[in-house]
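Kindly return the folded structure for what I paste below:
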Amino acid sequence: MQMKTLHTKDTFALVYHKKEYFLFEDPIDVIDYSLAKFSRKEIEDVLSKIKLFDLNNENIIIQTNYELGEFLVSNSESDDKLFTIYKFRIVKKISLPKEIHAIERPSLSLDSDLYKKMFLETRNALLRGDSYQLNLTHVFTCDFKDRDKLIANFISRTRYHSHYSHVLNNASSNETLLSNSPECLFEIKDRKLVTRPIKGTKSSHELEDLKSSKKDRVELNIITDLLRNDLSAIGENFSQVEKERGYFNVPGLVQQYSEVSVELDESVNMYQVLMALFPGGSITGAPKRRVMSLIKQIEQSPRGHYTGSTIFLTKEFSKASINIRTALLINETLRYGAGGGITLLSEEDEELNELYSKVSSYFDAFF
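Below you'll find the model as predicted:
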């Protein structure tokens with residue numbers, strides 16, 4: 001089925017799944033959840049009522065902000081938006097148009113002095129023994145006017161789309177999420193939940209350097225062990241490490257990942273899964289609770305959409321991304337985040353270069 005032209009005046013989602021595209025349209029409900037609007041119990045209850053194996057033929061998308069993790073892990077009382085639940089009447093497979101527009105690439109500038117200050121604070125925390133791995137991030141903002149053209153370009157560049165690529169447009173709030181995420185928070189296969197944390201990124205010609213990198217191997221081992229413990233908290237049995245180290249390519253980059261799985265009880269609900277897994281260990285660090293407190297002190301500003309997740313629950317598939325390589329357009333403002341894991345083996349200049357490469361990987365693909 002050929003896709004009709006999509007506009008920001010409509011609420012819709014376009015999702016890439018196993019080399020096919022699915023359009024979510026005709027929304028029934030779109031509800032934002034925050035402590036400014038709902039009590040803690042109401043928020044916990046609405047997530048508990050969403051069953052992973054009994055969807056009642058509903059098509060549900062949950063777009064979570066990173067701050068939901070602070071709510072779940074540290075009982076934060078912030079009024080920041082935590083998540084939005086979308087329910088759609090229609091999900092259908094479609095083919096995409098090849099519509100490319102000439103648009104000006106946004107100019108994103110990094111305050112390198114600020115990053116170096118944050119890096120030093122992170123290193124000092126590691127030296128004190130407060131953490132042994134922390135994912136340090138930076139969110140950029142800039143003005144961007146050609147919103148419909150950017151969405152069309154993003155959709156059309158199919159050869160660049162990553163495993164968890166999606167567009168989520170909320171017409172009522174004038175927000176558009178353009179995610180080219182390669183990272184899996186979880187995926188459901190029969191009764192098995194699988195997660196694939198990414199740790200280790202190099203330029204596409206540096207695969208051998210990545211394979212031989214002690215720093216990246218140690219980072220991946222730390223986060224794999226963290227997630228093995230997280231998954232065991234929700235499964236019927238202990239979790240299993242299915243793959244210790246694997247590699248894949250995204251535009252301009254090669255990345256390293258592991259795979260961990262666990263068998264689930266049929267009664268498991270979304271609140272249980274998010275309590276165990278969210279936010280992802282690869283974009284926080286270890287130990288998670290302490291690291292999240294450090295992140296709040298060091299980064300000083302909310303991450304919002306960046307390193308949150310988008311969760312898709314349909315009869316076709318049930319899966320959730322970690323929203324890295326993801327831009328959010330709010331009216332005419334573009335927000336984009338990038339970061340990387342810091343350990344005592346990390347070098348400031350290397351981490352700064354990795355951050356630049358991740359920014360370039362996203363924007364090179366769509367401009």
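
Residue 93: what secondary structure?
strand (DSSP: H, G, I helix; E, B strand; the rest coil).

What residues does residue 330 make contact with?
By Cβ atoms under 8 Å, 6 or more residues apart in numbering, residue 330 lies in contact with 173-175. Backbone N, C-alpha and C define where each C-beta goes, glycine included.

Just grab the bridge partners of it for me.
Note on residue 330: beta-bridge partners residue 175, residue 333, judged by DSSP bridges.

same thing with residue 195?
Beta-bridge partners, per DSSP bridges, of residue 195: residue 260.

shouldn't it be in contact with residue 184?
Yes. Using Cβ atoms under 8 Å, residue 195 is in contact with residue 184, at 6.1 Å.

Looking at those two, which one has more neighbours?
Neighbour count, other Cβ atoms under 10 Å: between residue 195 and residue 184, residue 195 has more, with 29 against 22.

pLDDT wise, what is that one at?
Note for residue 195: predicted pLDDT of 95.

now it: how far from residue 272?
15 Å (Cβ to Cβ, to the nearest Å).

which residues in this protein form helices?
Remark: helices assigned in the chain by DSSP state H are 40-48, 67-74, 112-127, 147-156, 207-212, 214-232, 270-277, 288-299, 348-366.

contacts for the fourth one?
The list of residues contacting helix 147-156 from outside it, by Cβ under 8 Å, 6+ apart, reads 6-8, 14, 96-101, 103, 144, 167, 169, 176, 178, 180, 329, 332, 366-367.

Which of these are buried, as a ChimeraX select command?
This is the ChimeraX syntax for the buried subset of the contacts of helix 147-156, where burial follows 16 or more other Cβ atoms under 10 Å:
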select :6,8,14,96,103,144,167,169,176,178,180,329,366
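
Tell me which of the contacts of helix 147-156 fall in strands.
14, 167, 169, 176, 178, 180, 329 (DSSP state E).

Any chance of a markdown table for those, columns pLDDT and distance to residue 114?
Compiled in a markdown table, these are given as follows (pLDDT from 0 to 100; distance: Cβ to Cβ, whole Å):
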| residue | pLDDT | distance to residue 114 |
| --- | --- | --- |
| 14 | 96 | 35 |
| 167 | 97 | 30 |
| 169 | 96 | 31 |
| 176 | 96 | 27 |
| 178 | 96 | 25 |
| 180 | 94 | 25 |
| 329 | 93 | 24 |
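
With adjacent residues omitted, what lies nearest to residue 243?
residue 259 (4.0 Å; Cβ to Cβ, 6 or more residues apart in numbering).

So that neighbour versus residue 193, what's the distance?
For residue 259 relative to residue 193 (Cβ to Cβ), the value is 11 Å.

Compare these two and say which is more crowded by neighbours.
Under the criterion of other Cβ under 10 Å, the comparison of residue 259 against residue 193 puts residue 193 first, with 24 against 19.

My read is that the more buried one contacts residue 236, right?
No. If you go by Cβ under 8 Å, residue 193 and residue 236 don't touch, sitting 10.7 Å apart.

overlap in contacts of the two?
Joint contacts of residue 193 and residue 236 (Cβ under 8 Å, 6+ apart) are 262-264.

who touches stretch 117-124?
134, 136, 138, 294, 297-299, 342, 344, 346, 348, 351-352.

okay, now the spatially closest residue to residue 296 that is not a sequence neighbour: neighbour count?
Excluding its sequence neighbours, the residue lying closest to residue 296 (Cβ to Cβ, 6+ apart) is residue 70, at 7.2 Å. By the criterion of other Cβ under 10 Å, residue 70 has 22 neighbours.

Residue 289 versus residue 70, what's the distance?
For residue 70, the distance to residue 289 - Cβ to Cβ - is 10 Å.

Residue 172 too?
Remark: distance between residue 172 and residue 289 (Cβ to Cβ) = 35 Å.

Below-threshold pLDDT in the protein: ranges please.
Scanning the chain for pLDDT under 70 picks out 1-5.

rerun at 80
Along the chain, segments meeting pLDDT under 80 span 1-8, 97-102, 107-110, 235-237, 251, 365-367.

any idea which residue of it is furthest from its center?
residue 128 (29.3 Å; Cα atoms, centre = their mean).

got the contact list for that one?
No contacts exist for residue 128 under Cβ under 8 Å, 6+ apart.

same question, residue 53
Contacts of residue 53 were listed using Cβ under 8 Å, 6+ apart, and they are 191, 264, 266-268.

at 7 Å instead, please
Contacts for residue 53 (Cβ atoms under 7 Å, 6 or more residues apart in numbering) come out as residue 266.

Kindly provide the distance from residue 46 to residue 314.
19 Å.

repeat for residue 237
27 Å.

Out of the two, name the residue with the larger neighbour count.
Using other Cβ under 10 Å as the criterion, residue 237 and residue 314 rank with residue 314 on top: 19 against 9.

Now do that one against residue 238, distance only.
Counting by Cβ to Cβ, the gap from residue 314 to residue 238 is 29 Å.

And residue 68, by the same measure?
For residue 68 relative to residue 238 (Cβ to Cβ), the value is 27 Å.

okay, the two: which has more neighbours?
Per other Cβ under 10 Å, whichever of residue 68 and residue 238 has more neighbours is residue 68, with 25 against 11.

Run through the residues that contact the residue nearest to residue 273 when sequence neighbours are not counted.
Spatial nearest neighbour of residue 273, chain neighbours left out: residue 234 (6.0 Å); criterion: Cβ to Cβ, 6+ apart. The contact partners of residue 234, taken as Cβ under 7 Å, 6+ apart, are 262, 264, 268, 272-273, 276.

Just give me the closest of those to residue 34.
residue 273 (20.5 Å; Cβ to Cβ).

Number of residues surrounding the closest one?
24.

dump the residue contacts of it.
52, 186, 234.
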